[in-house]
Structure formats: C-alpha cells, structure tokens
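In: With the sequence up front, the predicted model follows.
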Amino acid sequence: MLVALGAALLVLSLAPPAQAAQGEVYVALGDSAAAGPLIPNQIGPHYGCWRSDRNYAHLTAQAIGARELRDATCSGAKTDDLYESQNTDLGDVPPQFDALGQDTTLVTLQIGANDLGLTDFIEDCLNLLPPPVGDACNDDYVVNGQDKWRVETDALRPRLLSVISDIRARAPQARIFVVGYATYAPPDGCYPRVPIIRADANYIRATLMYFNRMLAEQAAAAGAGFIDLQTPSADHSPCASSSQRWIEPYVPASPAAPFHPNARGMQNFATIVTGAVSSDL
C-alpha cells in the first residue's frame, strides 16, 4: 500500500488544471484490465462485460465522493468498441462513448491491449517444458527484422490521439486520464511458478513497457494525463506470492481472470488513480 501511495504522488498528469467540482460525474472507459472480470461482485446490466463493483473505477468514485459513476468498461473491448456496439457472449453492449456527456467532469481510459492481442500473446508464451524440449516464443514475432508488437504498437498511436480528441469533443468539461497497464512479468520471470521461460518473460516485459510508453506519449501529445500502473506493480506481478500479487497468473489463486488484476490489485490501483485525479484539481 505504501508503494502505491508513493507512486500516486509521482504520477505524471498533463491534463489542464480544473476547478474542484461539486461532485464529479465520472465516466470509466476501457477493457478487462479496468472492468475486473471474475472479481466479486460481477454486476449488470451488461453481464457479458464481466464488470466488478470492486474495480478501480468504483473504488475511486467512492474515494473522491463522485456524484455519479458511469462505468462503461467491458472485457474484450477494443478502441472500435468505444464508438460501436460490442458483441459479448451474453449480448451486445452499447458503445462506451454513449456514457459521455456535457456533464462529464472526469474520464479514465484504459484501452489498446486488445487491439494488439497482448493478453493472447502472453498466454501464447506459456511453456510447460523449458528448452530444449519446449520452444521459446519471442522469435516467432520478428518478421523481416521487425518486431510485430512494436510495429503494431506504433500503428496504434494516431488512433489513441483520435480517441482522446473524440472524448474531449463529447465531454468538453472533462479531465481525461489515460491509464497504463500493470507489470505482467518481472525481469527473468519466475519459471516454473509461472511457466514462461526467462527469454520470453523478458520479451513480454519489454513489449509491455514499450506499449505503456506509447500510451504515456500519446496522452501527453493530446494534453491528457497519464497514470502509471506498471511501476508501482513491479513487485506485485503474477510471480509474487498469493498474498502480495496484484495480477493473477495463468492459474489464479483468487477470483480473477488469468493475467488480470485481482481484488487486491484493484484496491491498490484505485489508490493510485484516486491520488492522480485528486492532485490534478
């Protein structure tokens, strides 16, 4: 908790100053990293989004005394689903941007990982048997000397600028914060506790660091704030003990989806987000 509080004080916020509101109207946008799949209690009306009432948006809204929370986060969401209906296993979900309005004063946005398929990428690198029997995955993504993930991350840059611009057009009074993704692999990994070999763990780590850096850069370019979750979660990855980790491994020990935040993680992320949005007032 002290780590999270310290990180909250250091978070980079580039949003323009705003006057303190008489109760924020807070809109949370994003994918499963924000929604909290399988964390009790899962809430409707869109159960196919696997949205928890203990995700960081709900906890932050409580902490800041928000007048209203519109939590539009949805597992599996891509940037297209901000603008268009999203199909889930339990029915279609309205575009997330429908939650925005002239009365919106605060927006958090955690999106982009599904545009690239980063969760599937992590699971693709699971390796029950180390080399020479098992095969490393990191060289599978280098084509003609170019790293697939970095190419696709860079291709997403203009899309993020457009998304932030379109949020501002729909919610001109809102302070906007882009939220980064947490640490999913520490240096060298922890094989076999999490069955990803050292080279692949370092590759996953470098890929996510590059992706988070892109999010921070695009937030800055668009005049939005950026909230870093990677740094404060460094010692709380899936490799940490069950009592310390904020992100569950492939076989979770507490109610959460594999390689997603658990309840402890959401509580700490809420502390960080609360610190960031409060210090900007």
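Out: Sure, I can see it.
In: mind checking pLDDT for C190?
Out: pLDDT recorded at C190 is 95.
In: ok, now which ones touch Y56?
Out: Neighbour list for Y56: A34, G36, P261, M266, F269, A270, V273 [criterion: Cβ atoms under 8 Å, 6 or more residues apart in numbering]. (C-beta placed from N, C-alpha, C; glycine too.)
In: what about it, distance to Q110?
Out: 9 Å (Cβ to Cβ, to the nearest Å).
In: Please apply the same query to F269.
Out: Distance, F269 to Q110, by Cβ to Cβ: 10 Å.
In: Likewise for G189?
Out: With Cβ to Cβ as the criterion, G189 and Q110 are 24 Å apart.
In: Which one of the two is surrounded by more residues?
Out: Taking other Cβ atoms under 10 Å, G189 and Q110 do not tie; Q110 has more neighbours (27 against 24).
In: Out of the contacts of Y56, give me the one that has the most neighbours.
Out: Most surrounded of the contacts of Y56: other Cβ under 10 Å gives G36, at 35 neighbours.
In: Hmm, it is touching N55, no?
Out: Yes: at 3.6 Å, G36 and N55 qualify as touching, with contact defined as Cβ atoms under 8 Å.
In: Now list whatever residues contact both of the two.
Out: With Cβ under 8 Å, 6+ apart, G36 and N55 have common neighbours T73, P261, M266.
In: continuing past the helix or strand of the chain with the lowest mean pLDDT, what's the next helix or strand?
Out: For the chain, counting by mean pLDDT, DSSP states H and E, helix 2-10 ranks last in confidence among helices and strands (a mean of 38). Counting by DSSP states H and E, the next helix or strand C-terminal to helix 2-10 is strand 25-30.
In: show me where pLDDT drops low in the chain?
Out: 1-22, 131-132 (pLDDT under 70).
In: Give me the distance between the two termini of stretch 106-116.
Out: 27 Å (Cα to Cα, to the nearest Å).
In: Now do the strands in this structure.
Out: Here the chain has its strands, by DSSP state E, at 25-30, 42-43, 51-52, 68-71, 86-88, 91-93, 106-110, 142-143, 146-147, 175-179, 225-227.
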